[in-house]
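Colleague: next come a sequence and a model predicted from it.
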Amino acid sequence: MKTAVMKELYGFLHHQNRYSSEQEFVNDLKNMWFGLYSRGSEEGDSSGFEHVFSGEVKKGKVTGFHNWIRFYLQEKEGLLDYYSHNYDGPWDSYPDVLAMQFNWDGYYKQVGSAFIGSSPEFEFALYSLCFITRPGKKCHLSLGGYPLAIQTYTWDKTTYGNGRKYIATAYIVSSTQ
């Protein structure tokens, strides 16, 4: 919350009457992103943050993993092998967007999208904005004058505080999909 982008997000959502206080907003972010739920057979084995920003392996395939910094660090350690991309955003500078294929520690990701060159708080704020305002739907935006869409999904099997839903995932999709 100490960054300008998170302050801007809170100000916008507060102005829209989504949150009455910064503490309410912070508590909701903690729950929706870091609250644990079970994607598999283990109790509390996942969170939206882990899925989106770190990636997971489920049923022999990479799921989530939409963060370029994690991608870079895993590739630098020799744990990730980038194959190709099938979409490159229209931006001439950063942040940009790529949809790519890769192998992560022996597990294949057929297609995964990520911002490239953005700050973690920018991604966190953008995904949070879309999840809060359009949970489980495509959120259409403009970035640098170009259309962009973020798809979010809710975790519907468990809830927190008054039936609120956890983030299952959030990622960039082509704005024409």
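Modeller: That came in fine, so what should we check first? Numbers count the residues shown, from 1 in each chain.
Colleague: could you use CA atoms for every contact and neighbour count after this?
Modeller: Noted.
Colleague: list the buried residues for the helix or strand bottoming out on mean pLDDT in the chain?
Modeller: For the chain, counting by mean pLDDT, DSSP states H and E, strand 80-88 ranks last in confidence among helices and strands (a mean of 85). By neighbour count on 16 or more other C-alpha atoms under 10 Å, the buried set for strand 80-88 is 80-81.
Colleague: who does it touch, helix- and strand-wise?
Modeller: helix 68-76, strand 96-104 (3 or more C-alpha pairs under 8 Å, 6 or more residues apart in numbering; DSSP states H and E).
Colleague: can you put these in a markdown table and add mean neighbour count and mean pLDDT?
Modeller: Converted to a markdown table, these look like this (neighbours: other C-alpha atoms under 10 Å; pLDDT from 0 to 100):
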| stretch | mean neighbour count | mean pLDDT |
| --- | --- | --- |
| helix 68-76 | 16 | 96 |
| strand 96-104 | 20 | 91 |
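Colleague: export the ones you listed to a markdown table and tack on distance to K61?
Modeller: Listed next are the helices and strands packed on strand 80-88 as a markdown table, based on distance: least, C-alpha to C-alpha, whole Å:
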| stretch | distance to K61 |
| --- | --- |
| helix 68-76 | 16 |
| strand 96-104 | 9 |
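Colleague: and the ones you listed: which comes nearest H15?
Modeller: Checking these against H15 by C-alpha to C-alpha gives strand 96-104 as the closest, at 29.0 Å.
Colleague: where along the chain do the strands fall?
Modeller: Ranges of strands in the chain, per DSSP state E, are 56-58, 61-63, 80-88, 96-104, 107-116, 138-143, 146-160, 164-173.
Colleague: what's the distance between the longest one and the middle of its chain?
Modeller: Same thing as strand 146-160. In terms of C-alpha atoms, centre = their mean, to the nearest Å, the centre of strand 146-160 is found 9 Å from the chain centre.
Colleague: list the neighbouring strands of it plus their orientation.
Modeller: strand 138-143 (antiparallel), strand 164-173 (antiparallel) (DSSP bridges).
Colleague: what's the most buried one of the ones you listed?
Modeller: strand 164-173 (a mean of 24; mean count of other C-alpha atoms under 10 Å).
Colleague: quick one: that one to chain centroid distance?
Modeller: 7 Å.
Colleague: also stretch 77-93?
Modeller: Distance of stretch 77-93 from the chain centroid (C-alpha atoms, centre = their mean) equals 17 Å.
Colleague: ok, and the closest non-adjacent residue to the residue in the chain sticking out farthest from the centre?
Modeller: In terms of distance from the mean C-alpha position of the chain, S20 ranks first, at 24.6 Å (C-alpha atoms, centre = their mean). Distances taken as C-alpha to C-alpha, 6 or more residues apart in numbering place H14 nearest to S20, at 6.2 Å, with adjacent residues excluded.
Colleague: nice, that's everything, thank you.
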